[in-house]
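Enquirer: Have a look; sequence and predicted model below, questions after that.
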Amino acid sequence: MATNLGLGNFVKRVQNIMRQDAGVSGDAQRIEQLTWMLFLKAYDDREQEWEALDPTYQSIIPEQFRWHNWALTGVTEDGRIGDELRNFIDNELFPALQSLPITPETPRRKSVVRDVFQEVHNYMKDGSLIFEVAKTLNEIDFTDPVQTKNFGNVYEAILHDLQSAGNAGEYYTPRILTNFMAEHVDLTLGDRVADLACGTAGFLVSAMNVLRRQAKTNEDRDQIDNRTIYGVEKKPLPYLLACTNLILEGIVNPNIDHRNSLANDLDNSPFEQKELADVILMNPPYGGTEKTSIQNNFPADLKSSETADLFLVLMMERLKTNGRAAVIVPDGLLFGTGNKTEIKKKLLREFNLHTVVRLPEGIFAPYTSIRTNVLFFDRTHPTEQTWFYRVDTPEGVERFSKTRPATKESLKGLEAWWVDRKPLTKDGADKARLYTAKEIEANGFSLDLCGYAKPEEDTRTPEEILDDYCEEWKKCQAEADAAFAEIRKVLAQEGN
């Protein structure tokens with residue numbers, strides 16, 4: 001084992017091996033390849049711990065397919081290599097893991113193996129290079145708490161490298177945001193915490209870390225690790241990443257469902273799947289659209305083609321009485337009209353929207369330049385007043401970027417203001433201000449308050465301009481869809 005896992009070059013070493021393989025193309029395939037191998041390695045190490053604690057433990061994976069029996073390179077000299085290894089993985093290992101027997105009584109820590117392998121692939125074609133990747137992974141001992149903690153930094157690097165995530169409006173949420181949101185929704189032991197589009201489970205990990213600091217007994221720790229978090233993710237690669245992430249965090253039963261939260265399930269609407277939560281933390285996909293069959297799951301006045309809008313509606317339905325929530329939404333929702341206005345009406349009239357944090361451009365660099373916001377609300381009473389706070393970039397920094405990302409220091413002013421709220425101005429404009437619900441309603445339910453000054457000169461790159469135009473086009477499309485829906489509704493009524 002290299003000191004501190006050789007954190008600076010671990011991912012590069014693996015990527016350089018994979019780049020030599022003709023079967024692997026692009027970051028997404030490299031990460032999927034690395035993650036399924038990493039999952040099996042981490043799971044195998046965890047199983048050794050479970051076997052040590054419980055001599056009666058039986059793995060769901062047949063013995064010949066457990067990592068230590070086919071991938072312990074450098075330990076045994078008779079291990080598979082070359083074409084023999086590739087053929088074993090393609091023709092024996094994957095079919096076996098994809099068809100593991102599962103019953104309703106199967107513990108989640110076992111059934112997760114079959115679930116994660118349903119839609120992943122072995123892209124590598126060169127068995128000798130697969131051998132080299134396995135050899136590199138075997139430098140890690142996930143039964144060693146120090147090594148596992150250090151490897152968390154490597155895993156962060158893997159997630160950052162998932163450049164293709166932005167293609168579908170799904171962006172890796174910076175850890176400074178997931179941590180801030182988890183730390184400011186009043187998490188307490190016993191809370192049920194959910195993310196209905198959990199991606200790689202970043203919010204769930206941040207929530208667990210907050211709760212683990214409160215744990216005083218083994219019973220507390222067991223509850224946090226096994227009965228606190230709940231996630232849903234519809235896409236295969238983020239689902240695999242989420243399950244691996246939670247196993248690396250020591251979660252025995254990664255409670256992540258592989259499905260679309262917005263879709264019907266067993267002939268029920270999403271609203272009838274009463275997985276109610278005390279706390280919901282989310283960064284739902286935005287910029288994307290949903291097909292008509294998904295939109296039809298929602299009430300007509302709250303229906304939208306915009307994915308983020310539908311998730312906000314779903315969050316409101318799934319939050320318990322007295323529950324708390326924090327969600328990242330694009331600017332389009334704040335100033336949007338049509339059904340977006342109806343969604344905001346519901347939020348203000350049935351929930352307590354107590355804080356809106358305006359985030360600066362580039363917070364999600366390099367994935368998108370679209371400006372975003374964090375809505376903090378709870379299900380205690382209708383909104384009476386809402387604080388707005390604008391996070392500005394540091395002096396001399398026009399916008400955050402891939403080479404100059406936001407850091408925890410970037411939220412230092414927000415942290416201080418959160419505990420000592422008062423109106424603030426900057427350059428003659430509101431930076432923080434309290435608005436009453438009546439003022440917001442009189443303004444057409446627009447939440448576009450304490451925003452950023454419009455620059456006199458457009459300094460965006462061509463890619464950023466294209467992103468912004470696409471967002472504007474989707475907003476216009478959503479408004480047109482809402483108008484056509486209203487026309488159809490009127491025509492249908494006239495025809496009756």
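Expert: Right, received. Where do you want to start? Fair warning: this is a prediction, and the values are worked out from it, not measured in the lab. Numbers count the residues shown, from 1 in each chain.
Enquirer: Could you give me the buried positions within the top strand by length along the chain?
Expert: Identified as the longest strand of the chain according to DSSP state E is strand 319-330. By neighbour count on 16 or more other C-beta atoms under 10 Å, the buried set for strand 319-330 is 319, 323, 324, 325, 326, 327, 328, 329, 330. All C-beta atoms are positioned from the backbone trio N, CA, C, and that covers glycine.
Enquirer: Please identify which of those residues is nearest to residue 128.
Expert: residue 328 (43.7 Å; C-beta to C-beta).
Enquirer: how much space is there between the closest one and residue 346?
Expert: The gap separating residue 328 from residue 346 is 19 Å, by C-beta to C-beta, to the nearest Å.
Enquirer: Does the residue lying closest to residue 71 once chain neighbours are set aside lie in a helix or a strand, and which?
Expert: Of all residues not flanking residue 71 in the chain, residue 134 sits nearest, at 4.3 Å (C-beta to C-beta, 6 or more residues apart in numbering). Assessed by DSSP states H and E, residue 134 sits inside helix 127-137.
Enquirer: Now do the buried residues in that helix.
Expert: By neighbour count with 16+ other C-beta under 10 Å, helix 127-137 contains the buried residues 127, 129, 130, 131, 132, 133, 134, 135, 136, 137.
Enquirer: Repeat that for stretch 340-353.
Expert: Those would be 340, 341, 342, 343, 344, 346, 347, 348, 351, 352, 353, for stretch 340-353 by 16+ other C-beta under 10 Å.
Enquirer: One more: stretch 101-121?
Expert: The neighbour-count check on stretch 101-121 (16+ other C-beta under 10 Å) flags 109, 110, 111, 112, 113, 114, 115, 116, 117, 120 as buried.
Enquirer: next one: stretch 183-197
Expert: By 16+ other C-beta under 10 Å, the buried positions in stretch 183-197 come out as 183, 184, 185, 187, 191, 192, 193, 194, 195, 196, 197.
Enquirer: what's near enough to touch the spatially closest residue to residue 100 that is not a sequence neighbour?
Expert: Spatially, and ignoring its direct neighbours in sequence, residue 100 is nearest to residue 114 (4.2 Å; C-beta to C-beta, 6+ apart). By C-beta atoms under 8 Å, 6 or more residues apart in numbering, the contact set of residue 114 is 60, 97, 98, 99, 100, 102.
Enquirer: Pull the most distant pair out of those.
Expert: Pairwise distances across the contacts of residue 114 (C-beta to C-beta) peak at 12.6 Å, for the pair 60 and 98.
Enquirer: re earlier: can you tell me what sits against the helix holding residue 134?
Expert: For helix 127-137, contacts defined as C-beta under 8 Å, 6+ apart pick out 10, 13-14, 17-18, 20-21, 33-34, 37-38, 41, 71, 73-74, 79-87, 89, 122, 124.
Enquirer: Following the chain onward from the longest strand of the chain, which element is next?
Expert: The helix or strand immediately downstream of strand 319-330 is helix 331-335, counting by DSSP H and E.
Enquirer: Which strands and helices lie in contact with that next one?
Expert: Here helix 331-335 touches helix 307-318, helix 339-350, strand 372-378, helix 462-495, going by 3 or more C-beta pairs under 8 Å, 6 or more residues apart in numbering; DSSP states H and E.
Enquirer: Can you show me the CA trace of the second one as PDB?
Expert: Pointing back at helix 339-350 there. The C-alpha trace of helix 339-350 is given here as PDB (Å, rounded to 0.1, in the frame of the first residue of the first chain):
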ATOM      1  CA  ASN A 339     -47.700  26.400 -13.900                       C
ATOM      2  CA  LYS A 340     -44.500  27.500 -12.200                       C
ATOM      3  CA  THR A 341     -46.600  30.200 -10.500                       C
ATOM      4  CA  GLU A 342     -49.100  27.600  -9.300                       C
ATOM      5  CA  ILE A 343     -46.200  25.500  -7.900                       C
ATOM      6  CA  LYS A 344     -44.900  28.600  -6.000                       C
ATOM      7  CA  LYS A 345     -48.400  29.400  -4.800                       C
ATOM      8  CA  LYS A 346     -48.700  25.900  -3.300                       C
ATOM      9  CA  LEU A 347     -45.200  26.300  -1.700                       C
ATOM     10  CA  LEU A 348     -46.100  29.600  -0.100                       C
ATOM     11  CA  ARG A 349     -49.600  28.800   0.900                       C
ATOM     12  CA  GLU A 350     -49.100  25.300   2.300                       C
END
